[in-house]
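Trainee: 3D model of this:
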Amino acid sequence: LVAFVLGRTVWGQEVKFELGIGERGVLRVADESGKFNINQVGAQGADGVLARKMLARLFEYLVKQEPERAEVFKGAQAAILRRLVLDPGKKDIKKDAGKAKPIPPLLTLDNLRQEGLPAEMVFPGAGEAKGGPQGTKTVLSDILTTFGPGTINLNTAPAAVLYALDEEIDEELAARIVAR
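Mentor: Have a look, this model is predicted:
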């Protein structure tokens, strides 16, 4: 699925196919290293605090870009924090230090649907089969991942991820970096 054009690799080419009556599939090749690994927000100590700040800035950026979806984005952020920071009894892990079992990481972004997020919020085209919204709305799979060690490839990171990295990076700077 990776095409070579004039010696360059073209990523992100989609292949759409029918699975059955009323069911569709989409296969994409993507570089996950430019995305924010949400499993980092569940880390203990300074790493977890930093990752939660980055997650907050990432969703702040999304709300600025699509204010009409502010409540949806706030719900998505809350679902991620609920799943990765709080234990199933909704107790803060830090208060039960030494007694709480570690929270398992999300294995895929599909696990976010178990937290109540609609598929069309997580994956591109998921709402199309049901006549849902289409277009250029942000989907979480374009900016979030559950793979990798948590380092971010700045060369492939979208503007939302770049904005999340540091308070010194504003919307304009993030857009300029991505444009290069």
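Trainee: ok, residue 110 - contacts?
Mentor: By C-beta atoms under 8 Å, 6 or more residues apart in numbering, the residues touching residue 110 are 122, 123. The way it works is simple: take the backbone N, C-alpha and C, and place the C-beta from them, glycine included.
Trainee: Roughly how far does it sit from residue 55?
Mentor: Distance, residue 110 to residue 55, using C-beta to C-beta, to the nearest Å: 19 Å.
Trainee: Kindly report the same for residue 159.
Mentor: Counting by C-beta to C-beta, the separation of residue 159 from residue 55 is 16 Å.
Trainee: Point out where this protein drops to low pLDDT.
Mentor: Counting by pLDDT under 70, the ranges of the chain that qualify are 1-13, 86-102, 125-136.
Trainee: Next, work out how far apart residue 120 and residue 76 are.
Mentor: Distance from residue 120 to residue 76, by C-beta to C-beta: 12 Å.
Trainee: higher neighbour count, those two?
Mentor: Using other C-beta atoms under 10 Å as the criterion, residue 120 and residue 76 rank with residue 76 on top: 22 against 18.
Trainee: so what's that one closest to, chain neighbours aside?
Mentor: Closest residue to residue 76 apart from its sequence neighbours, by C-beta to C-beta, 6 or more residues apart in numbering: residue 117 at 5.7 Å.
Trainee: count of neighbours near the one you found?
Mentor: For residue 117, the count of nearby residues is 20 (other C-beta under 10 Å).
Trainee: remind me, longest helix of the chain?
Mentor: Using DSSP state H, we find that the single longest helix of the chain is helix 45-65.
Trainee: What number of residues are in the vicinity of residue 108?
Mentor: Counted with other C-beta under 10 Å, residues neighbouring residue 108 total 12.
Trainee: so it sits right up against residue 146, yeah?
Mentor: Yes - judged on C-beta atoms under 8 Å, residue 108 makes contact with residue 146 at a distance of 5.8 Å.
Trainee: residues in contact with the most centrally placed residue in the chain?
Mentor: What sits nearest the mean C-alpha location of the chain, by C-alpha atoms, centre = their mean, is residue 144, with 2.1 Å. Residues near residue 144 by C-beta under 8 Å, 6+ apart: 35, 36, 37, 38, 109.
Trainee: Residue 151 is in contact with the first one, correct?
Mentor: No - with the criterion set as C-beta under 8 Å, residue 35 and residue 151 do not qualify as a contacting pair; they are 10.9 Å apart.
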